[in-house]
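Visitor: predicted model and sequence follow; I will ask about them next.
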Amino acid sequence: MRRPALAAVAVAGALVLGGCGGSDGSGSGGGDAELSVGSAYMPQPVSDMAAGFLTITNDGAAADRLTSVSSDAAGQVTVHETVDGAMRQVEALDIPAHGSLVLESGGNHLMFEQLKRRPKQGQKVPVELRFDRSDPVTIEIPVKPATYSPKTGH
């Protein structure tokens, strides 16, 4: 029971130290939503869990939802929302028409659990994003230093 608690503390630390923004990743889905992905990054993990941050922009006339995420680098990737400082796993997150879904430190984010290996700074983690209406989008999330903050670039 102690090990999951330590992992949770390590991930919480990474969430506090990270931020939103960063490097690239893009793609588009089918349907009425027109999705692109950018500002993706993962702080270098310090345990067998990691957080992922990115922005999904919808330039289309129809709303969509991020429904699931997978990666060969992790046994499981879950979608979390943060409300009043408490994070919880959710089934999906909305992407408004002509708007964005921002996954950022201290807010909504991805959790990579049961990492098969700990990615190092400079590597990229392949990820597939799946949506309610649009086709899946595959991106590579760059791994940044554990203390990376997009506002300062380090």
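Guide: That came through, no problem. Residues are numbered from 1 along each chain as shown.
Visitor: could you find the closest non-adjacent residue to Pro136?
Guide: Distance criterion C-beta to C-beta, 6 or more residues apart in numbering; nearest residue to Pro136, sequence neighbours excluded, is Arg130 at 4.9 Å. Yep, even glycine has a C-beta here, placed from its N, CA and C like the rest.
Visitor: that neighbour contacts Val69, doesn't it?
Guide: Yes: Arg130 is within contact range of Val69, at 7.0 Å (criterion: C-beta atoms under 8 Å).
Visitor: the two: who's more crowded?
Guide: Val69 (20 against 16; other C-beta atoms under 10 Å).
Visitor: tell me which element the closest residue to Ala74 other than its chain neighbours falls in.
Guide: Leaving aside its sequence neighbours, Ala74 sits nearest to Phe112 (C-beta to C-beta, 6+ apart; 4.1 Å). Taking DSSP states H and E as the definition, Phe112 sits inside strand 109-115.
Visitor: elements contacting that strand?
Guide: Applying 3 or more C-beta pairs under 8 Å, 6 or more residues apart in numbering; DSSP states H and E, we find strand 109-115 packed against strand 50-58, strand 74-83.
Visitor: mind listing what's buried in it?
Guide: By neighbour count on 16 or more other C-beta atoms under 10 Å, the buried set for strand 109-115 is His109, Leu110, Met111, Phe112, Leu115.
Visitor: what about stretch 116-135, how long is it end to end?
Guide: The straight-line separation of the ends of stretch 116-135 (C-alpha to C-alpha, to the nearest Å) is 26 Å.
Visitor: so what's the residue nearest to Pro136 scoring on pLDDT?
Guide: The model reports Arg130 with a pLDDT of 98.
Visitor: for it, give me its contacts.
Guide: Leu66, Thr67, Ser68, Val69, Ser70, Pro136 (C-beta atoms under 8 Å, 6 or more residues apart in numbering).
Visitor: and the second one, its phi and psi?
Guide: In terms of degrees, to the nearest 10, the main-chain angles of Thr67 are phi -110, psi -30.
Visitor: coming back round to it: including pLDDT, could the buried residues of strand 109-115 go into TSV?
Guide: Listed next are the buried residues of strand 109-115 as TSV, based on pLDDT from 0 to 100:
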residue	pLDDT
His109	97
Leu110	98
Met111	98
Phe112	98
Leu115	97
